[in-house]
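Engineer: What shape does this take:
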Amino acid sequence: MKKLLILLFIFNAIIAYGQKKTYFDKATTIEVTSSGDSIKAMLDDYERIQLPPLSVFLESVYEHPSVRIYEARRDEANADMKVTRREWLNYFRPFAQYQYGRIVQFASTETIDDPLSFTSLGSNQHSYSVGISVSIPLGDVFSRGQKIRSRKARFRQLDYEYEISIEERKLRILEAYNSVLQELATLKAKSDAAALYNAQMKISEQDFINGRIDIIELSLERGRRSNANISYQEGRATLHNAVTLLEMLTNVKIINR
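Structural biologist: Model prediction:
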């Protein structure tokens, strides 16, 4: 009876060892190797980003359509001002007239001795006239100064709107630039954490093989490694969005896709 119990104990121990070895082999093959390669590839893409100086991005403000539209509006206002200043020419209306014709006179005579006869006398005539008429509406005369002041005020409004647009766009670019810098630093910290947990995971797996830790501690370590990798992926996506926004605001390429 005792020999039977001893044989059963040895058999269970062998099965348990085989199950533990199978779990480790599966974890190592699927997760550890692929995760490390993935992180290395992502580091090559994003962590070596070198941002141009801030002045390069700020200079692009003046070429953006949302700013250049004010230059077009200023040209339009300038044309309106020239039209207003020349309205006094409408007070004068030149005219010219030319006429050409022939005047013919008919006459008839009849006597007892002579039959009825007709005579005609004609001459060519032409005439012309040239002049200027003047018509000055009093309303236009007294409101002319107000019209010019209104056009000048419109000029000042466009200048203010132009400056406001420049400042607002520079602030947006500055916020986007600082966001990229912040996300770069955050991604570097997250990548260091992910690399650290990957290295720690390999040590924990070796300790599990050697029996220094149990399956619960190995599962906890695996969860920490997964959380670090997920955090890195989220940081990478956030950096990608920040870089894309900065490129859209400035039309300056940062990374080649």
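
Engineer: what about the helices in the protein?
Structural biologist: In the chain, the helices defined using DSSP state H lie at 2-27, 33-46, 54-59, 65-85, 138-209, 215-250.

Engineer: What are the buried residues along the fourth one?
Structural biologist: Of the residues in helix 65-85, Val67, Tyr70, Arg74, Met81 count as buried by neighbour count, 16 or more other Cβ atoms under 10 Å. Placement of C-beta: from N, CA and C, glycine included.

Engineer: circling back to that earlier point, may I see the helices of the chain arranged in CSV, with mean pLDDT as well?
Structural biologist: Listed next are these as CSV, based on pLDDT from 0 to 100:
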stretch, mean pLDDT
helix 2-27, 37
helix 33-46, 45
helix 54-59, 89
helix 65-85, 86
helix 138-209, 88
helix 215-250, 88
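
Engineer: Quick check: which of those helices is buried the most?
Structural biologist: helix 215-250 (a mean of 17; mean count of other Cβ atoms under 10 Å).

Engineer: looking just at contacts, which helices and strands does that helix meet?
Structural biologist: helix 2-27, helix 33-46, helix 54-59, helix 138-209 (3 or more Cβ pairs under 8 Å, 6 or more residues apart in numbering; DSSP states H and E).

Engineer: Please give the centre-to-centre distance between the third one and its chain.
Structural biologist: For helix 54-59, the distance between its averaged C-alpha position and the chain's averaged C-alpha position is 15 Å (Cα atoms, centre = their mean, to the nearest Å).

Engineer: Could you do the longest one as well?
Structural biologist: Offset of helix 138-209 from its chain centre (Cα atoms, centre = their mean): 11 Å.

Engineer: quick one, it and helix 65-85 angle?
Structural biologist: Helix 138-209 runs at 180 degrees relative to helix 65-85, counting by axes from the mean of the first three to the mean of the last three Cα atoms, to 10 degrees.

Engineer: Report all helices and strands that helix 138-209 contacts.
Structural biologist: Short answer (3+ Cβ pairs under 8 Å, 6+ apart): helix 138-209 packs on helix 2-27, helix 33-46, helix 54-59, helix 65-85, helix 215-250.

Engineer: do you know how far Ile136 is from Met81?
Structural biologist: 22 Å (Cβ to Cβ, to the nearest Å).
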